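Chemist: Just to be clear, the model below is a prediction. Sequence and coordinates:
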Amino acid sequence: NSPRFLHPFGVSNPPHYMSLRIEGQRNVSIQVATGYIDYEYCIGILKLVLFVVLAGLALAFFTLLLETLLVKNGDGAPKTGRQEEDEGKEEISADDLLNSPPELSGSVLADREEAEDQGPEPAPIDEPFAKPELPVDAADIEPSVGISPPAALDVPEPEPKGLYSPRGNIGWEEYTSDRLEAELHRCASYEQDLVFIAMEFKPAAGDDDDLYGRFAAETISFFTQRDLIFEKGERGISIILPNIDLDQGFANSQEFHGQVLNKLSVFFSSPHDVCIGLSSRTGRLIDAERLEFEAIQALKKARQDPVAPIVAFKSDPEKYREFVRSKNQ
């Protein structure tokens, strides 16, 4: 039952042992246990290492902040579309291919303008006497710049040029499906919801183009993202609202409906003068054509419903998956 020192592995040395000579006593000894781990010293080293790590992180943060400010304010700032056209260079990303139509580059435009300024090239004269030109039909004559075509000819409608149409200063209707498909793919990758809105107003007294322009301006002012707003027919507008659910999209539609009726009360006197239909992705792997179809069906229901001018197409994801599975089979 004599006392003993505990010797944990790795924290202490073997005890120092020495016999003692005491008169009248036999086998008397003394032992001293010494530790060789200095905890205070180790804590000091850890504090120093932590200080060095924090200093490195602070230096990296300030370096990144300084680089961001220099890129934003200096020569490394991203160039605008006008500057790229002036330099004859064009950088196209995946989103630009979906959002904007293919346009002529600056060099091609310059060559075309130079050719128009110089006029048609003179025909070479190989014979001493020029041959008389035969009369041609009016249908074979191509209308030149600045000359209106004859009334008998059918002039095709102009194709979309640029990102926004001149009528409402919003996206062309032809770009709706491509942009919606791109946004659906992006939201599916990040597991986000998306709402597609189709709205239409009834004919009113006055100029339709003027009313459409004011209606489009109110839409841009409320939904703010003009690149996600597109024309729809003669009196309609389509809107893509990413990263919101159907309930929030319905609430935004109600707020916009009341606001546009209030600001354009000269043209709209009844709530059914502006009808809105909307649908959402709701966790489904759905394509743009199907989502547009659901929103348009909701819009038709809103036009026919005497009570509700806003109708939302609410789908059940499980039933939709069963519908897609049965359709594939």
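Modeler: Good, I have the coordinates.

Chemist: Double-check that Ala308 belongs to a strand.
Modeler: No - read with DSSP: H, G, I helix; E, B strand; the rest coil, Ala308 is coil and lies in no strand.

Chemist: Now it: closest residue in space that isn't a chain neighbour?
Modeler: Ala302 (6.5 Å; Cβ to Cβ, 6 or more residues apart in numbering). Glycine gets a C-beta too; all of them are placed from N, C-alpha and C.

Chemist: Can you list phi and psi of that neighbour for me?
Modeler: Main-chain torsions, Ala302, degrees, to the nearest 10: phi -70, psi -40.

Chemist: Return the residues in contact with it.
Modeler: Ala302 sits next to Cys275, Ile276, Gly277, Ala308, Pro309, Ile310, Val311 when contact means Cβ atoms under 8 Å, 6 or more residues apart in numbering.

Chemist: Show me the helices in the stretch 151-300 of the chain, by range?
Modeler: 176-189, 208-223, 246-263, 288-304 (DSSP state H, counting those that start in this stretch).

Chemist: any chance of the contacts of Ala302 in a markdown table, with neighbour count and distance to Glu292 too?
Modeler: Below are the contacts of Ala302 laid out as a markdown table (neighbours: other Cβ atoms under 10 Å; distance: Cβ to Cβ, whole Å):
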| residue | neighbour count | distance to Glu292 |
| --- | --- | --- |
| Cys275 | 25 | 16 |
| Ile276 | 27 | 14 |
| Gly277 | 25 | 10 |
| Ala308 | 13 | 21 |
| Pro309 | 21 | 20 |
| Ile310 | 21 | 17 |
| Val311 | 23 | 15 |
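
Chemist: what's the closest of these to Glu67?
Modeler: Ile276 (45.9 Å; Cβ to Cβ).

Chemist: before we move on, the earlier item: which residue in the contacts of Ala302 has the weakest pLDDT?
Modeler: On pLDDT alone, Ala308 ranks lowest of the contacts of Ala302, at 91.

Chemist: now the helix or strand containing Leu64, how far from the centre of its chain.
Modeler: Secondary structure assignment for Leu64, by DSSP states H and E: helix 39-73. In this view, helix 39-73 has its centroid 35 Å away from the chain centroid, taken as Cα atoms, centre = their mean, to the nearest Å.

Chemist: ok now do Gln192, which residues does it touch?
Modeler: Arg186, Pro242, Asn243.

Chemist: could you redo the last one with a cut-off of 10 Å?
Modeler: Glu183, Arg186, Pro242, Asn243, Ile244, Asp245, Arg281, Gly283 (Cβ atoms under 10 Å, 6 or more residues apart in numbering).

Chemist: Which members of those are classed as buried?
Modeler: Glu183, Pro242, Ile244, Asp245, Arg281, Gly283 (16 or more other Cβ atoms under 10 Å).

Chemist: List the beta-bridge partners for the second one.
Modeler: What that stands for is Pro242. Leu194 (DSSP bridges).

Chemist: shouldn't it be in contact with Phe223?
Modeler: No - the criterion here is Cβ atoms under 10 Å, and Pro242 misses it with Phe223 at 11.6 Å.

Chemist: coming back round to it: right, and out of the contacts of Ala302, which lies closest to Tyr164?
Modeler: Scanning the contacts of Ala302 for proximity to Tyr164, where the rule is Cβ to Cβ, the winner is Ile276, at 22.1 Å.

Chemist: which residues does the closest one contact?
Modeler: For Ile276, the contacting residues are 197-201, 237, 239, 249-250, 253-254, 256-257, 260, 295, 298-299, 302, 308-312, by Cβ under 10 Å, 6+ apart.

Chemist: what do you get if the cut-off is 6 Å, keeping everything else the same?
Modeler: By Cβ atoms under 6 Å, 6 or more residues apart in numbering, the contact list for Ile276 reads Met199, Ser253, Ile310.

Chemist: Ok, which of the helices of the stretch 151-300 of the chain comes nearest Phe230?
Modeler: It is, among the helices of the stretch 151-300 of the chain and with distance given as Cβ to Cβ, helix 176-189, at 4.3 Å.

Chemist: Going by neighbour count, which residues in that closest one are buried?
Modeler: Buried-residue list, helix 176-189, by 16+ other Cβ under 10 Å: Thr176, Ser177, Arg179, Leu180, Ala182, Glu183, Leu184, Cys187.
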